[in-house]
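S.K.: Prediction below, plus the sequence it came from.
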Amino acid sequence: MILAPPQWRAFSENTAKAIPDGVFVKEERPNPDPALVDRASSNLDALTPCVERSLILKIDVFESDGAVVGGRSVLREIAAFDLAPYSDIVIDASALSIGIGFPLVKYILSQSEVTGQNVHLFACDTPTLDHAIRAHLAERATNIHGFRKVNALYSAVSVAKLWLPQLAPSGEQALQRIFDEVLPNDACPDPKKISGRAYTVACCVEHIKKIKP
């Protein structure tokens, strides 16, 4: 059973170790805000009593040189577990970053297709808190670990790229870095044409279409 913090506080107050095993993912970043560290510790103190056996995985999001390694690191840790005995796996992705949550869920789903296990995925949102979160950006935009570029699925022919960014409040730097990596012919919607707001890209989809001769 895999559980991830932090939205299980209410659950923890109404359960008496009804879940056999819990694996808690704690993302580690350089120079963290002490208040966030204290909050994470408080969440763990509330959540670990919910399960009979708990394990905390401390996952470094960045290498010392700034390279993003969170996705690879969490998969290496999870792959060491024998998930076969469990009929159901529950994943709370509420507090997981995209770079860790997406690879983790993809891995668990791929395993469940072989084993027939039930996978339950949920996420809780707190808009005020979510909008206050500021991402730690890598030096350049890269694909999430385990996800290929869309154009890798196509033959090497002349193509036009239509960029379909998923927009969210704030983060011009992230937007610019992804644009520089994608180098699209056009974007829809075009963030630069939306006045009065700044956007960041939660994910980027490239739609490739052949150019007619």
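M.R.: Received, thanks. A quick note: this is a predicted structure, and the numbers were derived from the prediction, not measured.

S.K.: can we go C-alpha only for contacts and neighbour counts from here?
M.R.: Will do.

S.K.: residues near the nearest residue to Arg29 once chain neighbours are set aside, how many?
M.R.: Closest residue to Arg29 apart from its sequence neighbours, by Cα to Cα, 6 or more residues apart in numbering: Val61 at 5.9 Å. Neighbour count for Val61, taken as other Cα atoms under 10 Å: 24.

S.K.: can you offset everything so residue one is 50?
M.R.: Understood, numbering begins at 50; the last thing we discussed is Val110.

S.K.: I'd like to check which residues are in contact with Val110.
M.R.: With contact taken as Cα atoms under 8 Å, 6 or more residues apart in numbering, Val110 is in contact with Glu76, Glu77, Arg78, Val117, Val118, Gly119, Gly120.

S.K.: how about stretch 99-111: buried residues?
M.R.: Cys99, Val100, Ser103, Leu106, Ile108, Asp109, Val110, Phe111 (16 or more other Cα atoms under 10 Å).

S.K.: what about the helix or strand Asn92 falls within, average pLDDT?
M.R.: Secondary-structure assignment from DSSP states H and E places Asn92 in helix 83-96. Averaging pLDDT along helix 83-96 yields 87.

S.K.: Show me the contact partners of the next helix or strand after that helix.
M.R.: Remark: after helix 83-96, the chain's next helix or strand is strand 100-109, criterion DSSP H and E. Residues outside strand 100-109 that contact it (Cα under 8 Å, 6+ apart) are 65-78, 97, 118-119, 122-123, 126.

S.K.: Starting from strand 100-109, tell me which strands it pairs with and how they run.
M.R.: strand 68-77 (parallel) (DSSP bridges).

S.K.: can you dump the C-alpha coordinates of the partner strand into CSV?
M.R.: Output of strand 68-77 as CSV, limited to C-alpha atoms (Å, rounded to 0.1, in the frame of the first residue of the first chain):
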residue,chain,number,x,y,z
ILE,A,68,-4.0,0.2,6.6
PRO,A,69,-1.2,-2.4,6.8
ASP,A,70,1.7,-0.5,5.1
GLY,A,71,2.4,3.1,4.2
VAL,A,72,5.2,4.5,2.2
PHE,A,73,5.5,8.3,2.6
VAL,A,74,7.5,10.3,0.1
LYS,A,75,9.3,13.4,1.5
GLU,A,76,10.8,15.6,-1.3
GLU,A,77,14.1,17.1,-0.4
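
S.K.: Next, the buried residues of that strand.
M.R.: Within strand 68-77, the residues that count as buried by 16+ other Cα under 10 Å are Ile68, Asp70, Gly71, Val72, Phe73, Val74, Lys75, Glu76.

S.K.: ok, back up a step: quick one: the helix holding Asn92 to chain centroid distance?
M.R.: 20 Å (Cα atoms, centre = their mean, to the nearest Å).

S.K.: how about the CA coordinates for that helix, as PDB?
M.R.: C-alpha atoms of helix 83-96 as PDB (Å, rounded to 0.1, in the frame of the first residue of the first chain):
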ATOM      1  CA  PRO A  83      12.200  26.100   7.800                       C
ATOM      2  CA  ALA A  84       8.400  26.600   8.100                       C
ATOM      3  CA  LEU A  85       7.800  24.100   5.300                       C
ATOM      4  CA  VAL A  86      10.200  21.600   6.900                       C
ATOM      5  CA  ASP A  87       8.300  21.900  10.200                       C
ATOM      6  CA  ARG A  88       4.900  21.500   8.400                       C
ATOM      7  CA  ALA A  89       6.200  18.400   6.600                       C
ATOM      8  CA  SER A  90       7.300  16.900   9.900                       C
ATOM      9  CA  SER A  91       4.000  17.700  11.500                       C
ATOM     10  CA  ASN A  92       2.200  15.900   8.600                       C
ATOM     11  CA  LEU A  93       4.400  12.900   9.000                       C
ATOM     12  CA  ASP A  94       3.700  12.800  12.700                       C
ATOM     13  CA  ALA A  95       0.000  12.700  12.000                       C
ATOM     14  CA  LEU A  96       0.100  10.200   9.100                       C
END
